[in-house]
Structures are given as C-alpha cells and as structure tokens.
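>>> mind looking at a prediction? Sequence and model below.
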Amino acid sequence: MAGRYAVIMAGGKGERFWPLSTSKHPKQLLALVGDKPLIAQAVDRLEGLISPENVFVVTNADLVEATQKAAPMLPAENIVGEPIGRDTAAAVACGGALIAAKDPDGVFAVLTADQVMGDLDAFKATLKGGMDLAEQNEILVTIGIQPTFPSTGFGYIESGADFGEAEGVEFKKAVRFVEKPDEQTAQSYLDTGKFFWNSGMFIWSVPALGKAFAAHCPEMKDLMDELTDFAARGEIFQGLKKTYPTLGKISIDYALMEKADNIVMACGTFVWDDVGSWPALESHFPKDEGGNTLIGDCQTLDSSGNIIYSKGRLTAVIGAENLVVVQAEGVTLVCTKEKAQNIKQMVSELQKNGSYSELL
C-alpha cells in the first residue's frame, strides 16, 4: 500500500482581510474562526488519517518561521518556502516533489490553509475514500461541495456519470470546471443538481500527477522532476531558488484540471467555507438583535447588518447599515459589505502609493 501524505498550500496573502491580514501576517496565520490559526486547524483536521511527518506545507520563504510557530506540531523541515509566488501549479509540483523523494508511489491530498470545515468525520471519509480510489486508479480526484445557495463567489464543477463509492462517499466523473457565475447562472446550476462548488482540494498519486503534468503542462513535469532530485539530496531550498525565477505563473486549474479527461469528483457533504472576505465571517459568529456581527470591543446604536471587528480598542458605530468596519494593526477600514471584494484593490492602490508599506 502506498503511503498517505498531504500538501497544504499556504502562500496566500489574504488581502481581502486587510488590515487584519498583512503580507507579514496573512490570513492563514490568523485565528479568524476558532481559537487556533487557520493553518493549525488545517493540520489538526488530518489527525488519525495522515501523520504529521507526512504533512508538508508550501508557503512563502519569508513566512516559514511564522508558519513553524503557528503549526508547531509539524517537523520544521516539512515547511518549505517558495522564493517567489508562481501560483498553485508550481506549489503542487513542489509538494509532489517533496513526496516523490520520500515515496515515488505516494498518494497525497492537496489542501489549502485558509478554509473552514465542519463535520470532520465526513471530511476525513472523503479524503480517505479519495485516496483509496487514487491508489487503485490513474485518476485526478477533486472535491466538490454540495452547494447550499447560488453563490457567485465560488467556481463550480459539473458532475457526470457515477464513478463509484468509497467510505460512504459518492464519486462521479467531472465534466467541466466553470468560473464564478452571476446570480442567475448560479441559480440555474443549483436547479440542475449536477453542479458542485469547486473547493480547490485535490487527491492523486505521485505517478498520476507526473503523467498528467507531462501530458498537459510539461514545464511543471520538468519542475517536479528537478525538485525531486534536489529534495532527495536534502536541498529543496537550493532547488527552489534555481528553478523558480524562470517559471511562468499558472494555476493548477488551468495547468491540469481544465484539460485532463481522467478527473473524478468526490461529492463532499461536509460544511465548507473558503472564508474569502470579511462578509464570510457572518456565518461563523452570532449576531446581535440588530443583525450585527460584532467581534471584539464593539458598540452599536440604531445600526443593523454590520460586521465590526475591533480587538483591544473600542469601535462605536451609530446609524449605519450593512458596513464592514475593521480596526486592526493601526488601520481603520470602512466599506459597504457589497464592496468588500474591492479591499484587495485598495491594498493594490496603497502599494502603488508606497507610503504605507509597513501596514500592508
């Protein structure tokens, strides 16, 4: 039986959670939901399924030390820092190389550090079932989540014919991946019963991933092979410094998932949220009688539907509706919930300005 492993991608900047999330202390290192950093929660979820020495984290080089502190249950050498961001295909190739150097036939899950899950038994059953099938078949497994509302913030996977069942979880052939839709399209997806949210989680064997990269994205196959050699010599950091500067940026969706014809989708029934921006916190915290989500030291008067985050310093809001108000890291942010996705654009504008780099 092939060994079981996990690669947790933790290179995101979490700009939509600015000013709490910054480049030096991004979202995955924050205890946004729960009392542990999101990266630590991602590792804890694997308990009893994958041992800590078989869990690898791929993050930014300048976040390695902070990640080690946030996830002390992992061996320090399992937390690997990319010298520059080259999107998710390169991170997957790097993770695949780390595992290939230990176990050329290993089966591994690709997870992200900034998601929130519920019903962990169902989550673990989905991973275990996917790993069993990925060991027995040359397939690329992706995890789709049963949608509960017509979300315009998630991509979707269209499911096709049944593939089989494992650990009580249904698996279906994946027909296609579609980008984030408008509300009318999202509703039409729900109505068919065939579309699932794209969770960005995957399961495959080292050989199946290598073969898929060779067929659809040879640059990533070359990268994985070269990094495997470096990792086998205990020189993964030297390998990353050598290979990354000349790499193109490409996501794993574009590199593989939208091209391969051997994709199988697990029908995930566990509670899942990628906690993409401030409004996502509404479903994880209780609301007051005005429908306000208050986190920290907050006071409202004649206000409703707001999300207010302010720890260690009182923030008072009067007569406001449907705002995001954040007091953190010496910054005050005020925006409408509707425009919360534009926080990333604000960070970009501030970066161009150059005056506030220490706050970003």
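Cool, got the structure.
>>> from here on, just use CA atoms for contacts and neighbour counts.
Noted.
>>> domains in the chain, as residue ranges please.
4-273, 278-359 (automatic domain parsing).
>>> what is the mean pLDDT for the last one?
It stands for domain 278-359. Across domain 278-359, pLDDT averages out at 94.
>>> ok, now the longest one?
Domain 4-273 shows an average pLDDT of 95 in the prediction.
>>> what's near enough to touch Arg16?
Contacts for Arg16 were tallied using CA atoms under 8 Å, 6 or more residues apart in numbering; they are 276-278, 340-344.
>>> sorry, wrong one. I was asking about Ser23.
13, 360.
>>> then Pro72?
Neighbours of Pro72 in contact, by CA under 8 Å, 6+ apart: none.
>>> still on that earlier bit, tell me the most buried of the domains of the chain?
Of the domains of the chain, the one with the most neighbours on average (mean count of other CA atoms under 10 Å) is domain 4-273, at a mean of 19.
>>> now Thr142. Nearest residue, chain neighbours left out?
Phe202 (4.4 Å; CA to CA, 6 or more residues apart in numbering).
>>> what is the helix or strand hosting the one you found packed up against?
Element membership for Phe202, per DSSP states H and E: strand 195-205. Using 3 or more CA pairs under 8 Å, 6 or more residues apart in numbering; DSSP states H and E, the elements in contact with strand 195-205 are strand 107-112, helix 120-136, strand 140-145, strand 156-166.
>>> distance of the nearest residue to Trp18 once chain neighbours are set aside relative to Thr22?
Excluding the flanking residues, the one nearest Trp18 by CA to CA, 6+ apart is Ile343, at 7.0 Å. In this view, Ile343 and Thr22 are 12 Å apart by CA to CA, to the nearest Å.
>>> what helix or strand does the residue nearest to Trp18 sit in?
helix 343-353.
>>> and Tyr244, what does it touch?
82-84, 86.
>>> in JSON lines, list the residues you listed along with secondary structure.
Output for these, formatted as JSON lines (DSSP: H, G, I helix; E, B strand; the rest coil):
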{"residue": "Glu82", "secondary structure": "strand"}
{"residue": "Pro83", "secondary structure": "coil"}
{"residue": "Ile84", "secondary structure": "coil"}
{"residue": "Arg86", "secondary structure": "coil"}
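>>> give me the contact list for the strand holding Phe202.
105-112, 127, 130-131, 134-135, 138-147, 154-159, 177, 189, 267, 274.
>>> need the next SSE after that strand, C-terminal direction.
Defined by DSSP H and E, the subsequent element after strand 195-205 is helix 206-216.
>>> can you pull out the helices in the protein?
Ranges of helices in the chain, per DSSP state H, are 38-44, 64-70, 87-102, 120-136, 183-192, 206-216, 218-232, 236-243, 252, 343-353.
>>> the first one: how far from the chain's middle?
Spelled out, it's helix 38-44. With CA atoms, centre = their mean, to the nearest Å as the basis, helix 38-44 stands 11 Å off its chain's centre.
>>> same question, stretch 248-255
15 Å.
>>> same check, this time on stretch 66-78
The answer for stretch 66-78 is 18 Å, by CA atoms, centre = their mean.
>>> with just CA atoms, put it into PDB.
Below are the C-alpha coordinates for stretch 66-78, written out as PDB (Å, rounded to 0.1, in the frame of the first residue of the first chain):
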ATOM      1  CA  ALA A  66       5.900  32.300  11.400                       C
ATOM      2  CA  THR A  67       4.300  29.200   9.900                       C
ATOM      3  CA  GLN A  68       6.500  26.900  12.000                       C
ATOM      4  CA  LYS A  69       5.300  28.800  15.100                       C
ATOM      5  CA  ALA A  70       1.700  28.600  14.100                       C
ATOM      6  CA  ALA A  71       1.900  24.900  13.300                       C
ATOM      7  CA  PRO A  72       4.400  23.500  15.800                       C
ATOM      8  CA  MET A  73       3.100  20.000  15.500                       C
ATOM      9  CA  LEU A  74       4.800  19.700  12.100                       C
ATOM     10  CA  PRO A  75       8.500  18.900  11.600                       C
ATOM     11  CA  ALA A  76      10.300  22.200  10.800                       C
ATOM     12  CA  GLU A  77      11.800  20.700   7.700                       C
ATOM     13  CA  ASN A  78       8.300  20.000   6.300                       C
END
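>>> can you tell me what sits against the helix holding Ile343?
15-18, 356-357, 360.
>>> do the same with stretch 328-339
By CA under 8 Å, 6+ apart, stretch 328-339 touches 19-20, 278-279, 306, 309-311, 322-327, 359.
>>> for it, list the C-alpha coordinates in PDB.
The C-alpha trace of stretch 328-339 is given here as PDB (Å, rounded to 0.1, in the frame of the first residue of the first chain):
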ATOM      1  CA  ALA A 328      -6.700  46.500  13.300                       C
ATOM      2  CA  GLU A 329      -2.900  47.000  13.000                       C
ATOM      3  CA  GLY A 330      -3.200  50.700  13.400                       C
ATOM      4  CA  VAL A 331      -5.600  51.000  10.500                       C
ATOM      5  CA  THR A 332      -9.400  51.700  10.300                       C
ATOM      6  CA  LEU A 333     -11.300  50.300   7.400                       C
ATOM      7  CA  VAL A 334     -14.900  51.200   6.500                       C
ATOM      8  CA  CYS A 335     -16.600  49.900   3.400                       C
ATOM      9  CA  THR A 336     -20.000  48.500   2.400                       C
ATOM     10  CA  LYS A 337     -20.400  44.700   2.500                       C
ATOM     11  CA  GLU A 338     -21.300  44.900  -1.200                       C
ATOM     12  CA  LYS A 339     -17.800  46.300  -1.900                       C
END
